[in-house]
Structure formats: C-alpha cells, structure tokens
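> predicted model, plus sequence, below.
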Amino acid sequence: MATIGFIGLGNMGAPMAANLVKAGHLVSGFDIVAGRAEALRTKGGRAATTMPEAAAAGEIVITMLPAGPDVRSVYLGDAGVLAHAHKGALLIDCSTIDVETARWVATAAADARFDMLDAPVSGGVIGAKTASLTFMVGGDVEAFDRARLVLAAMGQTIVHAGPAGNGQAAKICNNMILGASMIAVCEAFSLAERLGLAAQTLFDISAKSSGQCWALTSYCPVPGPVAASPANRDYVAGFTAAMMLKDLRLAQQAAGASAAATPLGSVATNLYQLFVDEGMGGLDFSGIYRFIRKREVKI
C-alpha cells in the first residue's frame, strides 16, 4: 500500500484516484473546485483542504491538470508540490501538456532532489473509470519501476517512452495519428454515401483490408457498424472534440519548435478548430463526421 497525494479531481482525475483507493492505497485528494475532494472521501479516500496538504500527504504525488501553465503553478508555486512534498517523494504528472513544460518542470524537480515522471494517458473517461488507461511515461527507469504498481491500479498498458518529456511526446504523436485518421475515415464514409455505397458494406470491406485502422474498427464515426461507438449515442463524448483540438495544437507547437513537417496534422488541427468553433467542442471527437458530411470545408 502506498500513501498518495492526488491533485486534480476532474473528469479524469476523480475516477483515477478512486481506482487507487479501490486498490488499497491511502489517497488524499485536492481540487480547486469545491466538493470534488469530498466526493473522493465518500469513496474511501481522504479530502485535503489545501494543495500543500495534498502535496505533503504521501510518498507519491500524482497530478492531473488541464494545461501546461497549471502544471507550472501547481509544482513551482509557494504553495506547490516542490515546496511541500516529503523528501524522496515520487512525483507523477498525468496531465497532457507541452513537451517543453514537462521537461522544464522535471528539471526543476530534479534540482529539488525529487524523481519526476510525465505520464499522460490515453483511454478517455471510460478508460479512467474502468482502470484500463494506457500510460506513456517519460523519466528515469528507476522512477518508472517505482511507479509501475501504482500506475497499474489505474491502467492496463504502461510504457516507458524514454527520458523526461517523452511521455508527452508519445501522447501528442499518437493523438495526431488518431485525429488525422479519424478525419480520413469520416471523409471515406461521406464519399461512399454520395456514391451509393452502404456504410455497413464499406465497413465490412475496409475492416478486413488495407483501410483498416482503430478509428474505423473500434470507433467507427458512422452509426451502426460498431455498437460501442459514440456514433450510436448521438456522439456523447468519450473524448471530446475540444480535447482532441488541444492535443493537435500541442503537436503543432512541438512540430514548429522542432522544424518537423506535419501537413496532415496541420489540416486536422484546422478542421477540428472549425468544428469546435461551431459550438461542438463537447461532442465526441468522432462527431466531426457530421461536419465533414454536411459541408464542403475550405481550409
């Protein structure tokens, strides 16, 4: 059993913390939104009343925060993790943020003699609730080995991606693939409809041939072929279009910083921006099928 301070109990953090409690860990949670820490207490955890209290609560501190500036503030401020965590605590940031911030905060943690991992996740809210997340982890191998059992209480796949920041690099590269491939699948189904080819027929063919991909066979954006797809629930989000746009922007930021050519990633970012600008950011990201099907979009 580990003692854990958990900061950030939102849509992802709350079920992740609850799964740690289920696994027998002693978890003290904090969130700036009133009531979230108390909700963790009702599930067997402890409610920290301040961020310093949560930071000092255990041998491991886990954060799940919205963006890079939040991570900098939570770790580096006077009331932050580095100022209040116990000596020798392992720090794990599960937020999805820019690579530069992840590496900068990791360096600050090392200077303060803490081991730190960046460990963004894939799997969305459903994966967080079912403890089936994928963790992409950057940092020292020794720290990764120390974190493995705790991460296993929240996920099924735990991959060491290399040194600090590489977890974030893996996450944004993976989601750039996902965003671009989802758009390609949507375009194919839209074209098939115009050509008189039934969606189920296209699915049956492409699912067994060279067009096969996760966006098609596991998350088909057209109602019918894949029962578990959000398309069959009016695109109620498992992973929102707004979150996809955030990750695509991070990928473009990294591409610019490293002079990498990502033309398809750029187009995907622009399309999701248009979709979100229409007020659709709360829909599942596969809902962009509606946007592509009904419009001739000019980039």
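Good, I have the coordinates. Numbers count the residues shown, from 1 in each chain.
> could you chop this protein up by domain?
3-163, 169-294 (automatic domain parsing).
> hey, which of the ones you listed is tucked in deepest?
Per residue and on average, the most neighbours among the domains of the chain fall to domain 3-163, with a mean of 20 (mean count of other Cβ atoms under 10 Å). Where C-beta positions appear, they are placed from N, C-alpha and C, glycine not excepted.
> show the end-to-end separation of that domain, please.
End-to-end span of domain 3-163 (Cα to Cα, to the nearest Å): 25 Å.
> flag the shaky bits of this protein, pLDDT-wise.
Applying pLDDT under 70 to the chain picks out residues 295-299.
> helices along that one, start to end?
For the chain, the helices defined by DSSP state H occupy 13-22, 36-42, 51-55, 68-76, 81-84, 99-111, 124-129, 141-152, 166-194, 199-206, 214-217, 241-258, 263-275, 288-294.
> would you turn these into a markdown table with distance to residue 160?
Below are these laid out as a markdown table (distance: least, Cβ to Cβ, whole Å):
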| stretch | distance to residue 160 |
| --- | --- |
| helix 13-22 | 19 |
| helix 36-42 | 28 |
| helix 51-55 | 25 |
| helix 68-76 | 20 |
| helix 81-84 | 22 |
| helix 99-111 | 14 |
| helix 124-129 | 19 |
| helix 141-152 | 5 |
| helix 166-194 | 9 |
| helix 199-206 | 34 |
| helix 214-217 | 22 |
| helix 241-258 | 20 |
| helix 263-275 | 25 |
| helix 288-294 | 32 |
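> of all those helices, which lies closest to residue 159?
helix 166-194 (7.5 Å; Cβ to Cβ).
> report the angle between the closest one and helix 68-76.
Inter-element angle recorded for helix 166-194 and helix 68-76: 160 degrees (by axes from the mean of the first three to the mean of the last three Cα atoms, to 10 degrees).
> now the angle between helix 141-152 and helix 166-194, please.
In terms of direction (the same axes, to 10 degrees), helix 166-194 departs from helix 141-152 by 50 degrees.
> now do helix 166-194 against helix 99-111, angle only.
160 degrees.
> do you know how far the nearest residue to residue 202 once chain neighbours are set aside is from residue 214?
In this structure, residue 202 finds its nearest non-sequential neighbour in residue 192, 4.6 Å apart by Cβ to Cβ, 6 or more residues apart in numbering. Using Cβ to Cβ, to the nearest Å, residue 192 is found at 19 Å from residue 214.
> circling back: the residue nearest to residue 202 and residue 184: what is the separation?
13 Å.
> gap between the two ends of stretch 117-133?
Start and end residues of stretch 117-133 are separated by 16 Å (Cα to Cα).
> equivalent analysis for stretch 272-287, please.
Counting by Cα to Cα, you get 10 Å between the two ends of stretch 272-287.
> please tell me how far it is from the chain's geometric centre.
17 Å (Cα atoms, centre = their mean, to the nearest Å).
> repeat for stretch 188-208
Taking mean C-alpha positions (Cα atoms, centre = their mean), stretch 188-208 and its chain are 30 Å apart.
> could you do stretch 258-272 as well?
With Cα atoms, centre = their mean, you get 19 Å for stretch 258-272.
> numbering from 18 from now on, please.
Done: numbering now begins at 18, and the last item shifts to stretch 275-289.
> got a list of what residue 44 touches?
Counting by Cβ atoms under 8 Å, 6 or more residues apart in numbering, residue 44 makes contact with 21-23, 34, 37-38, 57, 62-63, 75.
> switch the cut-off to 10 Å
Residue 44 makes contacts with 19-23, 33-38, 57-58, 60-63, 65, 71, 74-75, 77, 79, as judged by Cβ atoms under 10 Å, 6 or more residues apart in numbering.
> distance check, residue 79 against residue 273.
Taking Cβ to Cβ, one finds residue 79 at 30 Å from residue 273.
> and if you look at residue 88?
20 Å.
> same question for residue 203.
Distance of residue 203 to residue 273, given as Cβ to Cβ: 26 Å.
> likewise residue 77?
34 Å.
> tell me which of the helices of the chain sits nearest to residue 299.
Residue 299 lies closest, by Cβ to Cβ, to one member of the helices of the chain: helix 258-275, at 6.8 Å.
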